[in-house]
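> No letters, just coordinates:
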């Protein structure tokens, strides 16, 4: 039995390693000159491997087709992937929100461990670009690459999505699936930075804020998202973990209002009291020179302008109404959503091979015998926090196990 795995990313490495436990031969095809290229840049190069949440709680963290992952997540759990990586000498740690990282903070260590797991004696790594699937009488028979035909009665597609195309995620798997009769749910970016109407964000480009709260409201003023964490200003708008998570709750064509609470640990009354103390402390200093203990320097003129105040007014002359306007701005820095950034900049591609065309208990296609799918190519995506990598690992493991089964 020969199992062919297309794509040596998170799902592909796990699929190849698991299949190699029982298959006669595994051929792992990767078009890049190195394995795990996208995996190396995840989590800002630290690799958020998985999340320590209970499996039942984890399933709820996949807003798109989470229930489809039930069998996969229970077959290969977050504990399993952690133990596997640690068995190759990569210790892990749990950080805020249950996020699991390597102790070394090096994604390359995780890739190295998965490479060792995948490349066993009966596994051959082939650098080639797959051009098409070979199907005979409804059964997979192999693949045609730019270096010739590779025959095999089991093929696992682990080609990823369309985000970060420079890492090899160029959407090849969607074309393979569509050519064999599978439905492709329209692609869109998920976990993606947001563009805003306001241009003052460009003045703050590169400024990162920790411990702020972000709320997103729809056109009917309903709150569709609310979270606490890190945010980054960019030349086009905002990014950062809480912004990426917010994007998964937002839909194309909808209008949204964004609100940032710069001081979520303080109530309005507590913040007002803090401002009163600062005013008493700074006396005749100009307002713009009196907020250094409260805000990053680059943010001060923006907040003052949005609050409609005179930056050069002595703080001792600030009225109660002006002080309240400043506090309201600090508790609700408003922005207007304009657009999502392109899919190429998204952490995850939403959409892909329809889950209706895949058996969730095996990851095998319902349309082509011997063809399997794993990872981001499937129409499943989760929030930030290690959930998407866990989905790739779990579906890859299940696909590899099923494909190699007699």
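All right, it came through fine. Just so you know, these numbers come straight off a predicted model, no measurement behind them.

> which non-adjacent residue is nearest residue 55?
residue 73 (5.3 Å; CB to CB, 6 or more residues apart in numbering). Every residue, glycine included, has its C-beta placed from N, CA and C.

> What distance do you get for the one you found to residue 11?
In this view, residue 73 and residue 11 are 14 Å apart by CB to CB, to the nearest Å.

> And those two? Which one has more around it.
Neighbours per residue, other CB atoms under 10 Å: of residue 73 and residue 11, the larger number sits with residue 11, 33 against 24.

> my read: the more buried one touches residue 378, true?
No: using CB atoms under 8 Å, residue 11 is not in contact with residue 378; the gap is 9.2 Å.

> Could you name every residue contacting both of the two?
Common neighbours of residue 11 and residue 378 are listed as residue 395 (criterion: CB atoms under 8 Å, 6 or more residues apart in numbering).

> Tell me what residue 151 is bridged to.
Beta-bridge pairing for residue 151 (DSSP bridges): residue 142.

> check contacts around it.
By CB under 8 Å, 6+ apart, the residues touching residue 151 are 2, 134, 141-142.

> What confidence value was assigned to the residue lying closest to residue 77 once chain neighbours are set aside?
Once flanking residues are discounted, residue 77 sits nearest to residue 55: 6.1 Å by CB to CB, 6+ apart. Model confidence at residue 55, given as pLDDT, is 96.

> gap between residue 55 and residue 61?
11 Å.

> Please say which of these two ends up with more neighbours.
residue 61 (21 against 15).

> Touching, that one and residue 384? I think so.
No: with contact defined as CB under 8 Å, residue 61 does not reach residue 384; the gap is 9.4 Å.

> Centroid-nearest residue for the protein?
residue 347 (4.2 Å; CA atoms, centre = their mean).

> Remind me what the helix or strand where residue 80 lies packs against, helices and strands.
Element membership for residue 80, per DSSP states H and E: helix 78-87. Applying 3 or more CB pairs under 8 Å, 6 or more residues apart in numbering; DSSP states H and E, one finds that helix 78-87 makes contact with strand 50-51, strand 92-94, strand 99-102, helix 107-118, helix 387-404.

> Mean neighbour count, the ones you listed: which tops it?
Mean neighbours per residue, mean count of other CB atoms under 10 Å, is largest over these for helix 387-404, with a mean of 28.

> pLDDT on that helix, on average?
98.

> Now do it: which elements does it pack against?
By 3+ CB pairs under 8 Å, 6+ apart, helix 387-404 packs against strand 2-6, helix 10-19, strand 50-51, helix 70-75, helix 78-87, strand 154-157, strand 371-373.

> Can you lay out those as CSV showing distance to residue 235 and mean pLDDT?
CSV is the format used below for these (distance: least, CB to CB, whole Å; pLDDT from 0 to 100):
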stretch, distance to residue 235, mean pLDDT
strand 2-6, 37, 98
helix 10-19, 30, 98
strand 50-51, 31, 98
helix 70-75, 38, 98
helix 78-87, 36, 98
strand 154-157, 36, 98
strand 371-373, 37, 98
